[in-house]
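Enquirer: this one's sequence-less:
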């Protein structure tokens, strides 16, 4: 991808013109008074696009959003945390009801509302809590409300995930911002991955959807905390056009600039999701090169990043690279395994541990030093083509087991 | 499967007539003087069959065994532990050399030798160690040597895995025995799953192979410790015919009796492998019923048993059943998710936690009591057919992370 000029700016989802946001505590969380209801609203109608979980079991909000986004339009995103609307009695009615209540209070159409929900699965969830909270969160809406909204969607997250950039398209400065949550892409019950993106760029709806769908293949679909795919994963984007750029359509420089901004946003969010992975002490990136095609590169890097044995040895700072090669071998993609090189790297240090699928003599002290860093890279060259991909994960620690052993009780 | 009369007997792989075994320490393990070389030999030629790892990357011994078993015949199995022959420089020559040395010393044909190897991947392994050890292990061969051989193939295993049964086929008493190792079906570097089975039943080679291939679908392929598939997994069986039964061919009662014996052996070994899973504190069995076909039932049960989140909540004795339903949902099989029942059970206690994919009110104290037992069952009824399957696993504990964080160092 060519480099496009990007500037990181403040204000998250409120950085683009015409987006207000808010987050409040309204009672989904009974025990702690943390924010648990968030709202993002655009001053004008947006082209909107989204991608959802591939779990066969889908949270009620996912089903509602699919319907509401059929026309490619939206104006608001409402999201609660602390209690997921999945497998809850009457869940679908509650999801529709949430949209209706939000729309009525904002004076917009209910099918222009996107609804999300995250937290424990199977606990009863009540429309009354929304009825009580929605007027309050609307009162708090402001052009500076991104951070409060970001806090309102967190569950086990320890860090707020918020980012914005400005970029040029169609001769104008455009802005794009996001908030997200997830202590794992994939932590059902508690850490569903949600990311809400706003932009004031004018962009054709179909182009917006295809840009988002393309981007997630190398961003959100390439991160893994624990291999469990949530029922509620959602990445949604709203583009309101208030930057007044010449609308981005089809191919061209403007679309590329937009895609570069989207990649900057998604990379930032992905990096911060794995950094905040439950119990994680290190970021792990697996960079595959020399693959026969992109699909193999993505699959192999993701398989390595998901291996419990790779993750525990990185936690233990043990250069047990045989586990990496084994994980490469059980990836379900089709490629040759006879000529694989593996190296470990961190910062400017690098040590080759395997050449042509055979052990190298290597400096154990150097390897240990690399594995003791906060961000560790596993470099894999399949030596059979030109395609590459990166997967993002974290180590598996004693704290991961502690966090997950007694989350619900 | 109809019930066939089976009696559990002593002596493992030496229970069938005409099988000697031995295990010695010969130096693959440098630091501990535990057995690290094992040999099983039949007095006469055997029909033999085997199944191997599905990892694309295969240990050198797997490649050699495939060649040696082309004729369906074998007389001996030699196996070292402490150092796997995978990705080792000159690995293939060493595997061939091991067979040659064993064959020469026993006065048999080298392609009648099956060779296996388990331990750390990538450490150099030397033919000299075999050259030194093989005469010694042959000297120790005895009709009572099964236990020593079972100990010689252990790595992180805490318990010896050895079993034998007698059964009737072709009007004669036949015997079948096995030794195995594995702290996981699937723990590369350290806990490759190996199982060596002997029988004195006379059985056609093709029937033997197909009985073994069918059996593993519901036994060894349905166990999981950590989802990592080793490069060396091997289940091999040798049948020497010394029970003098009318040879088992094609279908019929005798084949069914043989298959029942094989299932008894493989179930016992699988149960003991998951019980001995690294760091495991509980056995977990997931029993799926109401599936549209066997493939869906196997896939769903295995997906649940592999979920880190299910495993950590069982460790934490937290009835977080939403995680079970989520894992069912991301199984890659094709079925409906709208009408799923889930229950937790142990001994005679049972509690229903989900009906028709919606939360039940349930007795939390009873659920906690069930989850505190040493063997926990997760019962899933998909309510869309008659097929069922069971998968065998264990919980994920703090000790799992501890064991795997610093195994190599």
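Expert: Received the coordinates, thanks. Model, not experiment: these values are computed from the prediction.
Enquirer: next one: the closest residue to chain B within the stretch 101-250 of chain A from residue B:395, what distance?
Expert: Chain B sits closest to residue A:121 of the stretch 101-250 of chain A, with a gap of 3.0 Å, by Cβ to the nearest Cβ. (C-beta placed from N, C-alpha, C; glycine too.) Residue A:121 sits 20 Å away from residue B:395, going by Cβ to Cβ, to the nearest Å.
Enquirer: neighbour count for those two, which is higher?
Expert: Here residue A:121 and residue B:395 are compared on neighbour count by other Cβ atoms under 10 Å in any protein chain shown; more neighbours surround residue A:121, at 30 against 24.
Enquirer: now the residue of the stretch 101-250 of chain A closest to chain B. Nearest residue, chain neighbours left out?
Expert: Closest residue in space to residue A:121, ignoring its immediate chain neighbours: residue B:322 at 3.0 Å, by Cβ to Cβ, 6 or more residues apart in numbering or on different chains.
Enquirer: where does that neighbour fall, phi/psi-wise?
Expert: Per-residue torsions, residue B:322: phi -50, psi -40 (degrees, to the nearest 10).
Enquirer: pull the residues that contact stretch A:122-140.
Expert: A:22-24, A:26-28, A:37-39, A:78, A:80, A:83-89, A:91, A:93-94, A:97-98, A:101-102, A:105-106, A:117, A:148, B:321-322, B:325, B:354, B:359 (Cβ atoms under 8 Å, 6 or more residues apart in numbering or on different chains).
Enquirer: any idea how far that stretch is from the middle of the chain?
Expert: 25 Å (Cα atoms, centre = their mean, to the nearest Å).
Enquirer: ok, now stretch A:294-312?
Expert: The mean C-alpha position of stretch A:294-312 is separated from the chain mean by 18 Å, Cα atoms, centre = their mean.
Enquirer: quick one: that stretch near chain B?
Expert: Yes - if you take Cβ under 8 Å from any Cβ of the partner chain as the test, stretch A:294-312 does meet chain B, through A:307, A:308, A:309, A:312.
Enquirer: which residues touch residue A:115?
Expert: Neighbours of residue A:115 in contact, by Cβ under 8 Å, 6+ apart: A:61, A:64, A:65, A:77, A:78, A:79, A:95, A:98, A:99, A:102.
Enquirer: equivalent analysis for residue A:69, please.
Expert: By Cβ under 8 Å, 6+ apart, the contact set of residue A:69 is A:48, A:49, A:50, A:114.
Enquirer: who's in contact with the first one?
Expert: Applying Cβ under 8 Å, 6+ apart, one finds that residue A:48 lies in contact with A:69, A:72, A:73, A:74, A:114, A:205, A:208, A:236, A:237, A:238, A:239.
Enquirer: just list whatever residues bridge to it.
Expert: residue A:238 (DSSP bridges).
Enquirer: distance check, it against chain B.
Expert: Applying Cβ to the nearest Cβ, to the nearest Å, the value for residue A:48 to chain B is 26 Å.
Enquirer: quick check: the farthest pair among the contacts of residue A:69?
Expert: The span of the contacts of residue A:69, defined through Cβ to Cβ, is set by A:49 and A:114 at 10.6 Å.
Enquirer: so what's in contact with these two at the same time?
Expert: Joint contacts of residue A:49 and residue A:114 (Cβ under 8 Å, 6+ apart) are A:69, A:236.
Enquirer: now what about the strand or helix carrying residue A:97, what contacts it?
Expert: Secondary structure from DSSP states H and E places residue A:97 in helix A:91-106. Applying Cβ under 8 Å, 6+ apart, the contact partners of helix A:91-106 are A:39, A:41, A:59-61, A:63-64, A:68, A:75-76, A:78, A:80, A:85, A:88, A:109-113, A:115, A:117, A:125-127, A:130-131, A:134-135, A:138.
Enquirer: please report phi then psi for residue A:283.
Expert: phi -90, psi 140.
Enquirer: buried ones in stretch A:122-139?
Expert: A:122, A:123, A:125, A:127, A:129, A:130, A:133, A:134, A:137, A:138 (16 or more other Cβ atoms under 10 Å in any protein chain shown).
Enquirer: quick check: the gap between residue A:63 and chain B.
Expert: 12 Å.
Enquirer: helix, strand or coil for that residue?
Expert: helix (DSSP: H, G, I helix; E, B strand; the rest coil).
Enquirer: tell me which of the residues of stretch A:294-312 next to chain B fall in helices.
Expert: A:308, A:309, A:312 (DSSP state H).
Enquirer: pull the number of nearby residues for the first one.
Expert: Residues near residue A:308, counting by other Cβ under 10 Å, number 26.
Enquirer: so it touches residue A:396, yeah?
Expert: Yes - between residue A:308 and residue A:396 there is a contact at 5.7 Å, judged by Cβ atoms under 8 Å.
Enquirer: mind listing the helices for chain A?
Expert: A:60-68, A:91-106, A:127-139, A:146-152, A:205-218, A:253-275, A:294-306, A:308-315, A:322-330, A:364-371, A:398-405.
Enquirer: save those helices as a markdown table, and put in mean pLDDT too.
Expert: Shown next, in a markdown table, are the helices of chain A (pLDDT from 0 to 100):
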| stretch | mean pLDDT |
| --- | --- |
| helix A:60-68 | 94 |
| helix A:91-106 | 97 |
| helix A:127-139 | 97 |
| helix A:146-152 | 97 |
| helix A:205-218 | 91 |
| helix A:253-275 | 91 |
| helix A:294-306 | 91 |
| helix A:308-315 | 86 |
| helix A:322-330 | 86 |
| helix A:364-371 | 92 |
| helix A:398-405 | 74 |
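Enquirer: about what we covered before: list the contacts of the residue of the stretch 101-250 of chain A closest to chain B.
Expert: A:84, A:86, A:87, A:188, A:189, A:231, B:322, B:323, B:325, B:326.
Enquirer: closest one to residue B:347 out of those residues, please.
Expert: For the contacts of residue A:121, the nearest to residue B:347 is residue B:323 (22.7 Å; Cβ to Cβ).
Enquirer: ok, residue A:375 - contacts?
Expert: A:282, A:283, A:284, A:285, A:346.
Enquirer: from the centre of chain A, give me the residue that's furthest out.
Expert: For chain A, the largest distance from the centre (Cα atoms, centre = their mean) belongs to residue A:361, which lies 38.6 Å off.
Enquirer: give me the phi and psi for it.
Expert: According to degrees, to the nearest 10, residue A:361 has phi -80, psi 130.
Enquirer: domain parsing for chain A?
Expert: Chain A breaks down into these domains under automatic domain parsing: A:6-275, A:283-405.
Enquirer: how about the residues of the stretch 1-150 of chain A near chain B?
Expert: Counting by Cβ under 8 Å from any Cβ, the residues of the stretch 1-150 of chain A that sit close to chain B are A:54-58, A:84, A:86-89, A:120-124.
Enquirer: now, of the residues you listed, which are buried?
Expert: Buried among the residues of the stretch 1-150 of chain A next to chain B by 16+ other Cβ under 10 Å: A:55, A:56, A:57, A:58, A:84, A:86, A:87, A:88, A:120, A:121, A:122, A:123.
Enquirer: among the residues you listed, name the ones in strands.
Expert: Counted as lying in strands by DSSP state E, out of these, are residue A:120.
Enquirer: with pLDDT added, can I get the buried ones among the residues of the stretch 1-150 of chain A next to chain B in CSV?
Expert: Formatted as CSV, those follow (pLDDT from 0 to 100):
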residue, pLDDT
A:55, 80
A:56, 79
A:57, 81
A:58, 83
A:84, 87
A:86, 84
A:87, 81
A:88, 81
A:120, 78
A:121, 77
A:122, 74
A:123, 78
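Enquirer: quick check: the two most widely separated of the buried ones among the residues of the stretch 1-150 of chain A next to chain B?
Expert: Greatest spacing in those, by Cβ to Cβ: A:56 and A:123 (21.4 Å).
Enquirer: pull up the gap between residue A:293 and residue A:213, please.
Expert: Between residue A:293 and residue A:213 the distance is 18 Å, computed by Cβ to Cβ.
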